[in-house]
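Enquirer: build me a model:
(one chain, ligands or ions: 2)
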Amino acid sequence: MYRLIAPAKINLFLQIVGDYLPDPRYHELVMVMQAITLADGISLSPLSQEVIVLTCDHPQVPTNSHNLAYKAAALMQSQFPGQGGIEIHIDKRIPIGAGLAGGSADAAAVLVGLDILWDLGLTQGELQGLGGQLGADVPFCIGGGTALALGRGDDLTPLPDLDHVVLLLGKFTNISVSTPWAYQTYRQTYGASYAQTPVQQEKKRQQGGSRELLQALSQKDIPTLAQALHNDFEAIVLPEYPLVAQLRQAFVDAGAMAAMMSGSGPTVFAIAESQGQAETIKTQVQGQFADQGLDIWLAQTCPHGVRLVAQA
Ligand SMILES: C[C@@](CO)(OP(=O)(O)O)[C@H](O)COP(=O)(O)OP(=O)(O)OC[C@H]1O[C@@H](n2ccc(N)nc2=O)[C@H](O)[C@@H]1O
Ligand SMILES: Nc1ncnc2c1ncn2[C@@H]1O[C@H](COP(=O)(O)OP(=O)(O)O)[C@@H](O)[C@H]1O
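Expert: Ligands and ions are numbered 1, 2, ... in the order given. As a prediction, this is how the structure comes out:
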């Protein structure tokens, strides 16, 4: 049995530039992605028959072929036939439909795990190529750390590690946001102003504000980085879910350096100065939203992606 950890991600910066010109079902993005210590656990065991069996400790996660981890195993079986079957168990710790790429992280772990289990010797680039067939966030989840993500979000450039930054993550149990809904709604609202050509897209990228964040990152200047956080999805998700907007404000009012929604939401992450301050903020904000089903997790930025942690 092989056991892997699959870290979640947050988006420190997310700009929607326009249509992804090679495939207009997607959007052209500028993102700075960051792996975090909140992670799912994935166990893989070989089976002699060429089947996929998937279990999960969370009742809302599909255990059939709709599960992204199942799809990752099926893709690997089709690419590398004759390796046998696989039993997958997911310990779900990353909240679902949260903008934290939980499903993508699980799929990434299955790709990395089967590469090890079947002794395939694939490079990280080859694994990311397979991951891109499953979803735009999967390639990042394989390598994790901190990365600039362009194109659909799968054109990755590693950035300097952002280690041990203390984070709070807040999500209301009853609020989930579908990623396709978020992109469709964004297109309906802002599609008329999308950059239409590569030249217009480059201009929009230059004006988007990522430079300030990238500079702060390279200087490890966390207060400046905190002020440069940005997410275009806030413009459509916060008006739709006022409670999420209130949570974002509550983190700042309680003393966080900054707070921002992650990805298509609805999770809000906040940057704290220390573990002690994060615990104080957690207590205060939880009190403010008592009886409204708010979960708060403490986490840190994480310098890696999927990791093999045990082999028995
Ligand atoms: C918004 C982000 C930000 O990191 O994360 P989440 O909030 O989902 O965690 C990602 O772009 C989510 O990536 P992922 O969840 O892998 O997306 P996919 O499965 O590939 O696509 C889901 C849907 O989103 C749309 N989509 C996705 C990526 C992209 N660059 N443009 C899009 O328009 C696609 O049209 C598709 O209908
Ligand atoms: N391994 C998985 N873990 C969680 N959700 C999954 C998984 N595979 C498929 N899904 C489906 O994908 C949807 C979004 O999942 P998730 O990755 O948690 O959200 P997000 O993309 O917002 O981070 C869920 O509603 C669920 O039905």
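Enquirer: anything in the host helix or strand of L238 near ligand 1?
Expert: Assigned by DSSP states H and E, L238 falls within helix 234-240. No. Using Cβ under 6 Å from any ligand atom, helix 234-240 stays clear of ligand 1, with a minimum separation of 9.7 Å. C-beta: built from backbone N, CA, C; applies to glycine.
Enquirer: pull the distance from whichever helix or strand comes after that helix to the chain's centre.
Expert: Going down the chain from helix 234-240, the next helix or strand is helix 242-253, by DSSP H and E. Taking Cα atoms, centre = their mean, to the nearest Å, one finds helix 242-253 lying 21 Å from the centre of the chain it belongs to.
Enquirer: can you list the residues that contact the helix holding L238?
Expert: 177, 182, 185-186, 189-190, 244-245, 248, 260-261, 264-266 (Cβ atoms under 8 Å, 6 or more residues apart in numbering).
Enquirer: out of the residues you listed, which sit inside helices?
Expert: Judged by DSSP state H, those include 182, 185-186, 189-190, 244-245, 248 as members of helices.
Enquirer: what mean pLDDT would you report for stretch 28-41?
Expert: In this model, stretch 28-41 has a mean pLDDT of 98.
Enquirer: one more: stretch 48-67?
Expert: 96.
Enquirer: do the same with stretch 233-252
Expert: Computed over stretch 233-252, the average pLDDT equals 98.
Enquirer: residues near R187, how many?
Expert: 17 (other Cβ atoms under 10 Å).
Enquirer: report the contact partners of it.
Expert: Contacts of R187 (Cβ under 8 Å, 6+ apart): 27, 194.
Enquirer: measure it to ligand 2 for me?
Expert: 18 Å (Cβ to the nearest ligand atom, to the nearest Å).
Enquirer: how close does that residue sit to ligand 1?
Expert: Counting by Cβ to the nearest ligand atom, the gap from R187 to ligand 1 is 8 Å.
Enquirer: which residues does the spatially closest residue to G209 that is not a sequence neighbour bridge with?
Expert: What sits nearest to G209 in space, not counting adjacent residues and going by Cβ to Cβ, 6 or more residues apart in numbering, is H230, at 5.6 Å. For H230, the beta-bridge partners are F13 (DSSP bridges).
Enquirer: now do the same for H230: its pLDDT.
Expert: 98.
Enquirer: count of neighbours near it?
Expert: Count around H230 with other Cβ under 10 Å applied: 19.
Enquirer: ok, L169 to G255 distance?
Expert: 16 Å (Cβ to Cβ, to the nearest Å).
Enquirer: now the one residue in the chain that gets nearest to ligand 1. Its backbone dihedrals?
Expert: Nearest residue of the chain to ligand 1 (Cβ to the nearest ligand atom) works out as G263 at 2.5 Å. With angles defined as degrees, to the nearest 10, G263 sits at phi 50, psi -140.
Enquirer: excluding residues flanking it in the chain, which one is nearest it?
Expert: Nearest non-adjacent residue to G263 (Cβ to Cβ, 6+ apart): G99, at 3.4 Å.
Enquirer: which other helices and strands contact the host helix or strand of Q34?
Expert: Using DSSP H and E, Q34 maps to strand 27-47. If you count contacts as 3 or more Cβ pairs under 8 Å, 6 or more residues apart in numbering; DSSP states H and E, strand 27-47 packs onto strand 2-19, strand 85-91, helix 102-117, strand 146-151, strand 166-172, helix 179-190, helix 210-218, strand 294-300.
Enquirer: and the ones you listed as TSV, adding mean pLDDT?
Expert: As requested, the helices and strands packed on strand 27-47 are exported to TSV (pLDDT from 0 to 100):
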stretch	mean pLDDT
strand 2-19	97
strand 85-91	97
helix 102-117	98
strand 146-151	98
strand 166-172	98
helix 179-190	97
helix 210-218	95
strand 294-300	98
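Enquirer: pick the most buried one from the ones you listed.
Expert: helix 102-117 (a mean of 27; mean count of other Cβ atoms under 10 Å).
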